[in-house]
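# Turn this into a model:
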Amino acid sequence: MVAKFKDYYEVLGLPPRAHVRLIEETYWEQAHELKRIPTRKAARRLTAINEAYEVLGTPHRRLQYDSEYLGFQALREDAPRPGLLQCIVTMLGKPFRPD
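Numbers count the residues shown, from 1 in each chain. This is a model prediction of the structure:
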């Protein structure tokens with residue numbers, strides 16, 4: 001039996017190359033909205049976005065998740081695979097270079 005892969009980017013409604021700040025802002029907006037709704041469905045959704053943010057909001061966990069995510073995407077389709085440097089730049093943002 002194959003374990004179902006959780007697409008945390010889809011849970012938060014973000015593209016896989018989302019910047020760290022965008023992940024944080026999206027998480028806080030969704031969590032703030034869901035905390036106002038006292039239903040079980042909202043509680044389950046809040047649990048899902050908490051789990052997604054716990055993984056995507058931590059740099060070393062996100063690197064590990066992204067490598068698994070890229071492997072999962074490669075199995076689903078022939079998606080292009082970015083290199084390690086591209087993954088790091090995506091996570092941390094572009095370095096500041098004064099001109």
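
# so where is the chain shaky, pLDDT-wise?
1-4, 71-83, 85, 87, 91, 93-99 (pLDDT under 70).

# Where do the helices of it begin and end?
8-12, 20-35, 40-56, 59-76, 84-92 (DSSP state H).

# Output these as JSON lines; include the columns mean neighbour count.
C-beta coordinates here come from the backbone N, C-alpha and C atoms, glycine included. Shown next, in JSON lines, are the helices of the chain (neighbours: other CB atoms under 10 Å):
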{"stretch": "helix 8-12", "mean neighbour count": "18"}
{"stretch": "helix 20-35", "mean neighbour count": "14"}
{"stretch": "helix 40-56", "mean neighbour count": "15"}
{"stretch": "helix 59-76", "mean neighbour count": "14"}
{"stretch": "helix 84-92", "mean neighbour count": "13"}
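
# Against residue 41, how distant is residue 20?
29 Å (CB to CB, to the nearest Å).

# what does residue 55 give?
When residue 55 is compared with residue 41 (using CB to CB), they lie 22 Å apart.

# same check, this time on residue 30
For residue 30, the distance to residue 41 equals 14 Å [CB to CB].

# Residue 51 too?
According to CB to CB, residue 51 and residue 41 sit 16 Å apart.

# same deal with residue 10?
Noted for residue 10: a distance of 17 Å to residue 41, by CB to CB.

# swap in residue 17?
Separation of residue 17 from residue 41 (CB to CB) stands at 30 Å.

# what do you get for residue 8?
As judged by CB to CB, residue 8 and residue 41 stand 19 Å apart.

# quick one: contacts for the nearest residue to residue 15 once chain neighbours are set aside?
Closest residue to residue 15 apart from its sequence neighbours, by CB to CB, 6 or more residues apart in numbering: residue 9 at 6.7 Å. Applying CB atoms under 8 Å, 6 or more residues apart in numbering, we find residue 9 in contact with 15-16, 18, 52, 56, 69.

# Which of the residues you listed sits closest to residue 36?
Proximity of these to residue 36 was ranked by CB to CB; the top entry is residue 52 with 19.5 Å.
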